[in-house]
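*Asks:* Need coordinates for the following:
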Amino acid sequence: MQVEANLNQSRNLVETISQIVRGYKLVRLLGTLSVACVVGVIPEPGRARNIQAARQAFTVLCQSPCHYRLLYRGQYCIEFLMVDNETVLVRDASLSKFSNTKLLSNWHPITGLLALFSAFGSPVQPIIGEQFLSTDHDFEAKTLPEGVVWASNNGGLFNIEIVKQVFASRPVSLGNVLGAGVDDQFSVSPLEEYLAAVYLFDFTRAHVKHETLKQNPQIKIHRSPDATFRFNTQFISFVLSINVKMRKLDLQCMPLNEQVQPFLQQSDLVVLSTYFMKKVAGPPFRTNAVKSFIAIISEPISLLKDCINIFNREVGHSQFMTNDMRPVMTMCLTVPPSPLNVPLAIGHQAVLKLTQNNQVITLFFIQFHSSSNTITVPIKCVHEQNNSIRPELYQNFINQNNQEYLPYARHLQTINNYLQQLPPQRFQNQTGGNCSFFLALKNVMDNYQMSPS
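*Replies:* From the prediction side, this is the model:
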């Protein structure tokens, strides 16, 4: 239809055919990207089963036979224009062509866009201007800082072979995001990896800001004149940045002050950083996983320490599936499919802080896996007045009236017995509080015998 409209407008068949030929290579590359949005399940050709994960995709808009716009998650827009048979102009379509400070209303700027393409080869002409946006600026006002030349405004010229490399899909491992012992993969291009990193970076900034507006006393945001985002909780200082070369988010974690060091060692902070980069900000790029992570780092230090111990079992040393029925565990950052009667959609934020009957609880979903079975356990950590935290089964999600569900419910009650066996453990120092979350979960793994199905 766009070609027909172009021909009717120009009334020049030769020019229209020339544009089609010039844009053919770009069209072929755009056709390799995932343009269908499939939520919940990723169908992979040639695989025995589909991957149960959420994945956002691209939308391609044709402006002319050699001019296209590429949308990602309905938030970012990139223009591609074939200048000649081998050269592509790449520019951020969120930036106005007529103003160096104006942003178009529907799109968000993509920091470091031209740097991504430059990482795969030199541009045809030197790129002039600033490529990375300061996180101090409020882009919701739809303006850019004055007095700065933005490289993405005029765009950059790249050989089509460089664009081909940026578009080329490759298999990326999900690790055990979907479950312990499951190492699923899906195909993703460097372009999608980078745009996903930018999206999660922008989302993290917005969510942390939202938490501060809710008067969350545990979180404070700091000024950052560069392209990093800096904030801290009651115990840890964080620096979030985009790694253009690796096309991922980096998170630096540092103790906020000397009083924190007796409770959180440097090794704990390394685990926290690694877990974020692999399980939170990695594929399949889930914003609700970010929300769960922010909720975890806002917890009291005793519960945070126990969560780090759980993270360490997931990313520190691999949990190998045992031949017997003893389970291994993972913490769910998003609500998984299960027989539980959960009033939350699959994929919803899984770590929640609630107040029930004047009592503060933190809700977790822990999955225990054997070689042939997985059981999802809702656990509430009860915050008691004596600064102690105790875990127990969250009974609200258990449907006792369903006969088919009763065997699953019996599993949960057995697990709850193991959770209750340990008294609250002293956390290094009395000022740190008491928490038995991790030790109770370890007790389940050491003693609970899972059935094959």
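
*Asks:* From now on I want contacts and neighbour counts done on CA atoms only, so please keep to that.
*Replies:* Fine.

*Asks:* quick one, helices of this structure?
*Replies:* Remark: helices assigned in the chain by DSSP state H are 2-10, 13-30, 113-118, 151-154, 160-167, 190-213, 266-275, 287-297, 301-311, 406-419, 437-447.

*Asks:* Check which helices and strands the longest one is in contact with.
*Replies:* In other words, helix 190-213. helix 160-167, strand 220-222, strand 236-243, strand 248-255, helix 287-297 (3 or more C-alpha pairs under 8 Å, 6 or more residues apart in numbering; DSSP states H and E).

*Asks:* Ok, which of those comes nearest Gly112?
*Replies:* Closest approach to Gly112 among the helices and strands packed on helix 190-213 (C-alpha to C-alpha): strand 236-243, 8.7 Å.

*Asks:* any idea of the mean pLDDT in the closest one?
*Replies:* Computed over strand 236-243, the mean pLDDT rounds to 96.

*Asks:* Going forward, the N-terminal residue is numbered 42.
*Replies:* Taking 42 as the first residue, the last one we looked at is strand 277-284.

*Asks:* List the strands paired with that strand, with their directions.
*Replies:* Sheet pairing here is set by DSSP bridges, and for strand 277-284 it gives strand 270-273 (antiparallel), strand 289-296 (antiparallel).

*Asks:* mind listing what's buried in the shortest one?
*Replies:* Within strand 270-273, the residues that count as buried by 16 or more other C-alpha atoms under 10 Å are 270-273.

*Asks:* can you pull the contacts of the nearest residue to Ser282 once chain neighbours are set aside?
*Replies:* Leaving aside its sequence neighbours, Ser282 sits nearest to Thr269 (C-alpha to C-alpha, 6 or more residues apart in numbering; 4.7 Å). The contact partners of Thr269, taken as C-alpha atoms under 8 Å, 6 or more residues apart in numbering, are 175-176, 280-283.

*Asks:* just Thr142 next, same as before
*Replies:* Contacts of Thr142 by C-alpha under 8 Å, 6+ apart are 136, 184-187.

*Asks:* And those, which of them are buried?
*Replies:* Using 16+ other C-alpha under 10 Å as the burial test, these include 136, 184-185 as buried.

*Asks:* follow-up on the earlier one: next, format the strands paired with strand 277-284 as JSON lines and append distance to Gln454.
*Replies:* Shown next, in JSON lines, are the strands paired with strand 277-284 (distance: least, C-alpha to C-alpha, whole Å):
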{"stretch": "strand 270-273", "distance to Gln454": "38"}
{"stretch": "strand 289-296", "distance to Gln454": "38"}
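
*Asks:* Which one of those lies nearest to Glu425?
*Replies:* Minimum separation from Glu425 across these (C-alpha to C-alpha) falls at strand 270-273, 25.0 Å.

*Asks:* and the closest residue to Phe161 other than its chain neighbours, what does it touch?
*Replies:* Leaving aside its sequence neighbours, Phe161 sits nearest to Ile203 (C-alpha to C-alpha, 6+ apart; 6.0 Å). Ile203 is in contact with 158, 161-162, counting by C-alpha under 8 Å, 6+ apart.

*Asks:* Tell me the pLDDT of Leu215.
*Replies:* Leu215 is assigned 67 on the pLDDT scale.

*Asks:* So Val165 sits against Asn200, correct?
*Replies:* Yes - if you go by C-alpha atoms under 8 Å, Val165 and Asn200 touch, sitting 6.8 Å apart.

*Asks:* and the residue lying closest to Ser210 once chain neighbours are set aside, how many neighbours does it have?
*Replies:* The shortest distance from Ser210 to any non-neighbouring residue, by C-alpha to C-alpha, 6+ apart, is to Ser230 (4.0 Å). Ser230 has 19 neighbours, counted by other C-alpha atoms under 10 Å.

*Asks:* Identify, from the buried ones among the contacts of Thr142, the entry nearest to Phe438.
*Replies:* The closest of the buried ones among the contacts of Thr142, once distances to Phe438 are taken by C-alpha to C-alpha, is Thr184, at 46.6 Å.
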